[in-house]
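# Provide a 3D model corresponding to the input given below.
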Amino acid sequence: MKNMLRLLTMLALVFVLPTLVSAGLWAAKERPGGWNEADWGSAGFLPKAEETPEAAIHVFSAMTGGMKGSVASHAWIVTKEKNGQYQRYDKVGWGAPIRRNHRPPDGYWYSNPPRLVTSVKGPEAERLIPKVEAAIASYPHGEAGGYRIYPGPNSNTFVAHVLRSVPELGAVLPPDAVGRDYLPNGAFYALDSDGRDLHLSLGGLVGLSLGARSGFEVNLLGLVAGLDFHRPALKLPGFGAIGWPD
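You can find the predicted model right below:
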């Protein structure tokens, strides 16, 4: 009984308390009343394509709308061939299977600014863009109707699939990317293509990730807590990755 109480206390402190605090802080903020009142325009993060001829790959994430924005974000992928234009890829719950360029590459999401998850430029981006495009094409839930907001497959499931398939991008989605731990086709485990990160999951509801990019993560009902060893940080629901002070 004491061990059970200790476990419940730990879960409350690690998962429930941060979520409640984040929800309270989020509720105090001014937010648009609906999608039609939100800012979806460019945040001015990226230079114009004509001003930067080099190839590039960017992965962005932004908190989403409504109260779910206190703990959940939306992720997307942007590519740019050398001397080319930006191409943005999202998986959303409406319209075409994988949406392409339906928003600016660095656009706000429900008025929330984009955060850069990872970026690769120059010759390395030129080398990786075909691999990213192949991973996008191979996403097993890319068809119309292949979307479920919770626990997945959703927009974050899609981007997480690409990051696992192209580990050279060197990143995982932030802890608030609910749905990223739903493995394609509901699989129990997945190993990144370079073998350096292992992911275990029960339908995206309970899971564990361990590896060079993931660090150590525990997923409970879509909420993630853990440690990042590569870029030392504590991962908490609602707050994302909190870096250690220098």
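# What mean pLDDT does the helix ranked longest in the chain get?
Within the chain, and with DSSP state H defining each element, the longest helix by residue count is helix 123-138. Averaged across helix 123-138, the pLDDT comes to 97.
# go on, stretch 17-33?
Over the span of stretch 17-33, the pLDDT mean works out to 84.
# Looks to me like residue 185 is in a helix.
Yes. Using DSSP: H, G, I helix; E, B strand; the rest coil, the secondary structure at residue 185 is a helix.
# Low-confidence ranges, the chain, go.
95, 244-246 (pLDDT under 70).
# Give me the contact list for the longest helix of the chain.
Among residues not part of helix 123-138, those counted as contacts by Cβ atoms under 8 Å, 6 or more residues apart in numbering are 54-57, 77, 79-82, 89, 98, 120, 142, 161-162, 165-166, 168-169. Placement of C-beta: from N, CA and C, glycine included.
# among these, which ones are buried?
Of the members of the contacts of helix 123-138, the ones counted as buried by neighbours, 16 or more other Cβ atoms under 10 Å, are 55-57, 77, 79-81, 89, 98, 120, 142, 161-162, 165-166, 169.
# In helices, which of those residues appear?
Checking the buried ones among the contacts of helix 123-138 against DSSP H, those in helices are 161, 162, 165.
# Distance of the last one relative to residue 186?
Distance of residue 165 to residue 186, computed by Cβ to Cβ, to the nearest Å: 17 Å.
# isn't there a helix covering residue 3?
Yes. Membership of residue 3 in a helix is supported by three-state DSSP.
# what about it, distance to residue 10?
For residue 3, the distance to residue 10 (Cβ to Cβ) stands at 11 Å.
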